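Pasting the sequence and the predicted coordinates here, then a few questions.
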Amino acid sequence: MTQDWPRPSEEEIRSYREQGFREDRTLSRLLRERAAARPGATALVSRSGRLTYAELDARVDRLALGLAGLPIHPGERVLVRLPNREEYVLTLFALLRIGAVPVLALPSLGPAEVESLARTADACALVVADRHGRSDPRAEAARMAERLPGLRHVLVAGDPGDVPARSLESLLAPRAAPLDEAADPEDLALLLLSGGTTGTPKLIPRTHADYGYNARASAEACGVDSGTVYLAVLPAAHNFTMVSPGIVGVLGAGGTVVLCPDPSPTTAFGLIEREGVTLTSLVPALVPSWLDEARRTRADLSSLRVLQVGGSRLDDATARRIGPELGCHLQQVFGMAEGLNNYTPLDAPDDVVCGTQGRPLSPADEVLVVDEDGATVPDGAPGELLTRGPYTLRGYYRARELDALRFTPDGFYRTGDLVTRTPAGDLVVVGRVKDQVNRAGEKIAAVEVEEHLLAVPGVRAAAVVGLPDPHLGERSVAFLVTEGPVPSREEVRAAMLGRGAAPFKVPDEVRGIGALPLTGVGKVDKKRLRAHGGA
Ligand code: J2J
C-alpha cells in the first residue's frame, strides 16, 4: 500500500515513546479517563449549557454510535466546519472515538475552498452549522454533496432545514454503552489545514500520539490543571485553540473549556466574569480592542491568570501593556499546525516575555536557523527556521511532490519563517520567506489569491503582498497589470466571492502597476513590490 503520509521511523517513534515524548493513548481515551476520574467536574460550557465530564463522555458515545451506524468507517475522513459551539467538541471526540478522521475547517473559509478541501481529503461526510453569519452552510454543503460522489452524508449542527441532510441531534443514539476504542495511538487522528503557500489546500496529518503529546506538554508549559477554566475565543478548529494547550490540553488535564461564540471583548469579558476564566488565547489583532474595552468598562477580569497571544507577531509596545492593564501574565505563543510550538516561560523576565516569541516546547524539538544555502547562522543573525521533533509532521497528506520542497532530506520541516535565536534559546520572528500574507493571524497563500485575480476580466498579471498595517498586522495588497481600467476593490471582491473564495482573502487594497518587477531569475520581485507599496 502506498503511504498517505510519511512518519518518523519505527526507531525514532520507539525512542520518543521511551522518553515520554508521545502519548500512548488515543485522544478519545484521554476524555474517557478524565470522565472516570472526575465525572462530576464541569468539562464544557457553551450556549447550549454545561456538561460534566461524565455527561460529555456519554454524549460522545451516543453520537459515536449514531455516526458509526450511518455508516462512517474507521479511517474515513469527515470534514468538520463548525463554529465554537457544543456540537464541535461532541463531533470531534465522537469521530475520534470511532476511528474516523476529522478534517478541521475554519468556518470563515469560502465554499470553493471547503469543496477543494473535501476533495483533497476524499471526505465521506461534511458537518456544518445551520447558520454562519449571513451565509447558509447547509445549502452550500448540499450542493457540494451533489458534485462530490464520495460525500455521502451532510450533517447539521442545529436545524437541517429543507436540504437533504440529517441533524446531529437525530443521530444521538438513545443510550450507548461505552464504546471500545477503534484507533491505535499511532494512527492518524485528524487532518488540519495548513496556512499554505500553494493554490490547493495542504493537509497536515496528526496522530493521536503526537497531538496528544503536543496538548499535554503545552498544558504543562502553561500551568494548566484541573482548576483551569479556558475560554476558547479564536475559532475552535484552529490549532492554537486545539492544542496550545487549548481544548484538548485543558480537557486532558481535567479543566473546564468555555466556548466563546464570537471574539468580541464584550462577549468574552462577560464569560470571563461569569465563569471565572483563568486562561485564554488571542491573535495580536484582537489585543488592542481588549485593552480598550478593559479600560472603558472596568470589567472584573481578576480571575484571568494568563493571556496567550500568538498566530502573528505581537509588537513589543502592546506586549508591555498587557500585564499592567489586564492584570495577568502574558505568554507569547509561536506555533504552527504543522507541529512546533514555542512558548515564553510564565516566569521569564519582561524582555523575554515581551520581546521574544518563546522557546520550543519539548526537549526533543530540534531547531536550526539556516541561511539560503542551508548553513547554520550564528545566534542573533536571521535565518529560516527548520524543525524536526516528536510532534512535527514529516510530510503532508498525499503530497509527496510538495514534501520534497518543504522538508530537508533528513526530515526537517522548512517553516518559511525568518527568525533569530538569542543565546538563551528564545526565538524572535523577524520575517518570512514563504509567499504568504499573515492578515490578523489568518494565513493567505498569495498564489491562491493571484489565481482568482487572473480570472478577473482585463487582468493580465497579478501579485499579492502583505504590507504593514496598524490594525491587521499586515494587510493584503494586490498589484494588477491590466488592459484598460484597474478594477475597483469592490469589483475584485464580487469576482472572488463569485468564485467561492473566503471574504478574508479579498485584497484589502487593489493597485494598478505598469509591469510587475522581476528578479534576476524572472520571478516576481515581491521585495521590491513591498518597498514600492510602503512608499
Ligand atoms: C509571529 N508569527 C507567528 C507568532 C504563528 C499556536 C499559535 C499559533 C499557531 C498558528 C498555532 C506566531 N509570531 N507568535 O498553530 O498551535 C506564524 C508563523 C507560523 C504560522 C503558522 C499554534 N505564531 N506565527 O498561527 O498554522 O508564520 O498556526 O509559521 O495558523 O503563523 O500558522 P498556523
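Here it is on my side, so go on. Numbering: from 1, shown residues only.

Same question for the residue in the chain positioned nearest to the ligand, what's its three-state structure.
Nearest residue of the chain to the ligand: Gly335, at 2.4 Å (CB to the nearest ligand atom). Where C-beta positions appear, they are placed from N, C-alpha and C, glycine not excepted. Using DSSP: H, G, I helix; E, B strand; the rest coil, the three-state assignment for Gly335 comes out as strand.

What is the neighbour count of it?
Neighbour count for Gly335, taken as other CB atoms under 10 Å: 25.

Which residue is the nearest non-sequential neighbour of it?
Counting by CB to CB, 6 or more residues apart in numbering, Gly335 lies nearest to Asn341, which is 4.3 Å off, once chain neighbours are set aside.

what about Arg528, which helix or strand?
Arg528 belongs to helix 526-534 when assigned by DSSP states H and E.

Also Leu418?
Of the helices and strands defined by DSSP H and E, Leu418 is found in strand 413-421.

Which other helices and strands does whichever helix or strand comes after that strand contact?
Where DSSP H and E defines the elements, the next helix or strand beyond strand 413-421 is strand 427-432. Other helices and strands packing on strand 427-432, by 3 or more CB pairs under 8 Å, 6 or more residues apart in numbering; DSSP states H and E, are strand 413-421.

If you rank every helix and strand of the protein by mean pLDDT, what lands last?
Ranked by mean pLDDT, DSSP states H and E, the weakest helix or strand in the chain is helix 526-534, scoring a mean of 84.

Name the surrounding residues that touch it.
435, 446, 463, 465-468, 477, 479, 511, 513, 516-517 (CB atoms under 8 Å, 6 or more residues apart in numbering).

repeat that for 6 Å
Helix 526-534 is contacted from outside by 463, 465, 467, 477, 479, 517, using CB atoms under 6 Å, 6 or more residues apart in numbering.

Identify the residues contacting the fourth one.
Counting by CB under 6 Å, 6+ apart, Val477 touches 465, 467, 509, 533.

cool, and the first one?
When contacts are counted by CB under 6 Å, 6+ apart, Ala463 touches 479, 516, 524, 529.

could you point out the longest helix in this structure?
Secondary structure assigned by DSSP state H gives helix 53-69 as the longest helix of the chain.

what's the average pLDDT for the following helix or strand past that helix?
For helix 53-69, the succeeding helix or strand toward the C-terminus, using DSSP H and E, is strand 77-81. Mean per-residue pLDDT for strand 77-81: 98.

helices or strands next to strand 77-81 in the packing?
Helices and strands touching strand 77-81, by 3 or more CB pairs under 6 Å, 6 or more residues apart in numbering; DSSP states H and E, are strand 101-104, strand 125-129.

wait, which of these is closest to Lys202?
strand 101-104 (12.0 Å; CB to CB).

Sheet-wise, list the partners of that closest one with their directions.
strand 77-81 (parallel), strand 188-193 (parallel) (DSSP bridges).

gap between that strand and the chain center?
In terms of CA atoms, centre = their mean, to the nearest Å, the centre of strand 101-104 is set 12 Å apart from its chain centre.

one step back: out of the contacts of Ala463, flag the one nearest to Val103.
If you rank those by distance to Val103 using CB to CB, Val524 comes first, at 32.0 Å.

and the closest one, how many neighbours does it have?
Applying other CB under 10 Å, we find 20 other residues in the vicinity of Val524.

Asp371 too?
If you count neighbours by other CB under 10 Å, Asp371 ends up with 12.

what residues are up against it?
377, 383.

Can you name the residues of the stretch 251-400 of the chain that neighbour the ligand?
310-313, 332-337, 341, 357 (CB under 6 Å from any ligand atom).

Apply 8 Å and report the result again.
Residues of the stretch 251-400 of the chain lying close to the ligand (CB under 8 Å from any ligand atom) are 281, 283-284, 308-314, 332-338, 341-342, 357-358.

re the thing from before, to Val156, which of the helices and strands packed on strand 77-81 lies closest?
Judging the helices and strands packed on strand 77-81 by CB to CB, what sits closest to Val156 is strand 125-129, at 6.1 Å.

mean confidence score for the closest one?
97.

Strand partners (parallel or antiparallel) of it?
Here strand 125-129 has these sheet partners by DSSP bridges: strand 77-81 (parallel), strand 153-157 (parallel).

Provide the contact partners of the first one at residue level.
Residues from elsewhere that reach strand 77-81 (CB under 6 Å, 6+ apart): 91, 95, 100-105, 107, 118, 121, 123, 125-128.

Now Leu172: phi and psi?
phi -60, psi 120 (degrees, to the nearest 10).

Is it correct that it is in contact with Arg62?
Yes. Taking CB atoms under 6 Å as the definition, Leu172 is a contact partner of Arg62 at 4.5 Å.

still on that earlier bit, just put the helices and strands packed on strand 77-81 in JSON lines and tack on distance to the ligand.
Shown next, in JSON lines, are the helices and strands packed on strand 77-81 (distance: least, CB to the nearest ligand atom, whole Å):
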{"stretch": "strand 101-104", "distance to the ligand": "11"}
{"stretch": "strand 125-129", "distance to the ligand": "21"}
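
Of those strands, which is nearest Gly249?
Nearest to Gly249 among these is strand 101-104; the distance by CB to CB comes to 15.7 Å.

ok, then the element right after the closest one?
As assigned by DSSP H and E, the chain's next helix or strand after strand 101-104 is helix 111-121.

tell me which residues of that next one are tucked away?
111-121 (16 or more other CB atoms under 10 Å).

hang on, the earlier thing: got TSV for the strands paired with strand 125-129, with distance to the ligand and mean neighbour count too?
Listed next are the strands paired with strand 125-129 as TSV, based on distance: least, CB to the nearest ligand atom, whole Å; neighbours: other CB atoms under 10 Å:
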stretch	distance to the ligand	mean neighbour count
strand 77-81	16	25
strand 153-157	23	24
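
can I get the helices and strands packed on strand 77-81 in TSV with mean neighbour count?
Shown next, in TSV, are the helices and strands packed on strand 77-81 (neighbours: other CB atoms under 10 Å):
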stretch	mean neighbour count
strand 101-104	26
strand 125-129	27
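
With distance to Thr422 as added columns, please give those in JSON lines.
What follows is the helices and strands packed on strand 77-81, written out as JSON lines (distance: least, CB to CB, whole Å):
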{"stretch": "strand 101-104", "distance to Thr422": "33"}
{"stretch": "strand 125-129", "distance to Thr422": "44"}
